[in-house]
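Visitor: just need the structure, nothing else, for what follows:
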Amino acid sequence: MTVMTSPSTAKAARINQNCVLRRNVKTQPYGRCSVCSLQLKQCHAWQSNGWSFALVVVTLSLLLVPPGWPQMLLAAALLGVVVWQGLVNHKRTDELIYGQHRLMALTQELRGKQLLIEQQNENLAAEVDARTAELREANVHLAAANLELLELDKLRSAVLSNVSHELRTPLTGILGSAQNLRDGIAGGLTQAQHEYVELIESDSGRLIRVVNELLEWSRLQSGHIQLHRASVAVQPLVDEVFMLLRPAAERKSVTLEYADGAASIEGDADKLKQILINLVDNAIKFSPEGASVRLHAEPGAGGLRILVEDCGVGVAPEDVPHVFERFFRGRSADGTPGSGLGLAIARNLARLHGGDITLQSAPQRGSIFTLSVPNAGAAA
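Guide: Numbers count the residues shown, from 1 in each chain. All right, here's what the predicted structure looks like:
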């Protein structure tokens, strides 16, 4: 019924294109537009009609005055004012009508966009619900898989513990028999027999250490380890560790060194000794012949730090974050014997004390393992 045009076009043609009458200023300068929704007192055209009527009455009243050029001039001026006022008010009325129709068009456009947004919101809500249902189902499957993994882990730990116990007894017997043969209890040995006995003794001892590490890891995982804290002097503790590992060090001509003998630490003596055994044994394994392994203690944040430093091949940067993972064997292992549990057990025992073990290493520059153990109050 109506046609939308720009204000410039309506102004140029002086035709209100939004009016059903297509009102033209020249042919219809007065009167109220039939599509206008304004009240009469708000319509400029309607208000101008009242003033124009008064001016027309004044102009016609001049006819009662004797004719003359002043009267004619005044009448012409009044008629000109009437026409000018009608044109001005007509223009204002057209602009108001156009603005009203433009506002209605924008309202309809916004309503259309609102409906589109509502539809998109509904689609998005439906998609979110669908994805939520999928995630919920995936969480159920993950929970079931996690429970299954926990059961398998418990079963693995139980089997590992039982197998380790079953292996340790015969391995201990094999080691004892090899030591008896080496000591000549069953008679003298030839050089070749002595070498075979030493090989049996070495391999059985290594297997016993692996079995002990497996058992220790099983106890750590099951939470059956309790700490018996006391003040422990570091010097005697290190002496025991060096005494146990000196044969392995002598086979590689590795020197064991320790400084700061007056230090003491709060913790479980047996567990601390196990930590140092694992750290020093690891340092010996990866040290070249004729090298040295150095230990020294220094005060730490609320406790003591024991540093184990070697001159070995070091650890590759990409392996450093994984060296404390169970069964991990780094690129620098190159067939070095070991189960991959020693460092993992050491860190777990350190964390049971409220401390930790960190590593600083670089290829061909050795490694520094730092055992940090807090005082009893800080650990609690």
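
Visitor: for the protein, what spans make up the helices?
Guide: Along the chain, counting by DSSP state H, helices occupy 7-13, 44-61, 69-182, 191-222, 234-251, 269-285, 342-352, 376-379.

Visitor: avg pLDDT for the last one?
Guide: Averaged across helix 376-379, the pLDDT comes to 48.

Visitor: same thing with the first one?
Guide: Confidence over helix 7-13 (mean pLDDT, whole number) is 42.

Visitor: do the second one as well
Guide: The average pLDDT for helix 44-61 rounds to 62.

Visitor: got a list of contacts for stretch 275-293?
Guide: By C-beta atoms under 8 Å, 6 or more residues apart in numbering, the list of residues contacting stretch 275-293 from outside reads 237-238, 241-242, 244-245, 248-249, 252-257, 295, 306, 308-313, 332, 336-338, 342-343, 345-346, 349-350, 357, 367, 369, 371. For glycine as for every other residue, the C-beta is placed from the backbone atoms N, C-alpha and C.

Visitor: export only the CA atoms of it, formatted as CSV.
Guide: As requested, the backbone C-alpha atoms of stretch 275-293 are provided in CSV (Å, rounded to 0.1, in the frame of the first residue of the first chain):
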residue,chain,number,x,y,z
ILE,A,275,66.9,-43.0,48.8
LEU,A,276,70.7,-42.4,49.0
ILE,A,277,71.4,-45.9,47.9
ASN,A,278,69.3,-45.5,44.8
LEU,A,279,70.8,-42.1,44.0
VAL,A,280,74.4,-43.1,44.5
ASP,A,281,73.9,-46.4,42.7
ASN,A,282,72.5,-44.6,39.7
ALA,A,283,75.4,-42.2,39.7
ILE,A,284,77.9,-45.0,39.8
LYS,A,285,76.2,-46.8,36.9
PHE,A,286,76.4,-43.8,34.6
SER,A,287,79.9,-42.6,35.6
PRO,A,288,82.9,-43.4,33.4
GLU,A,289,85.7,-45.4,34.8
GLY,A,290,88.0,-43.4,37.1
ALA,A,291,85.4,-40.7,37.7
SER,A,292,84.1,-39.6,41.1
VAL,A,293,80.7,-39.3,42.8
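
Visitor: what about the stretch 101-250 of the chain, any weak spots by pLDDT?
Guide: Residue ranges of the stretch 101-250 of the chain with pLDDT under 70: 156-157, 160-165, 168, 217-224.

Visitor: that older thread, give the buried subset of the contacts of stretch 275-293 as a PyMOL selection command.
Guide: The buried residues among these can be selected in PyMOL (16 or more other C-beta atoms under 10 Å) with this line:
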select buried, resi 237+238+241+242+245+249+254+256+295+306+308+309+310+311+312+313+332+338+342+343+345+346+349+350+357+367+369+371
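
Visitor: for stretch 200-214, which positions count as buried?
Guide: Here stretch 200-214 shows 200-202, 204-205, 207-214 as buried, counting by 16+ other C-beta under 10 Å.

Visitor: please apply the same query to stretch 134-141.
Guide: By 16+ other C-beta under 10 Å, stretch 134-141 has no buried positions at all.
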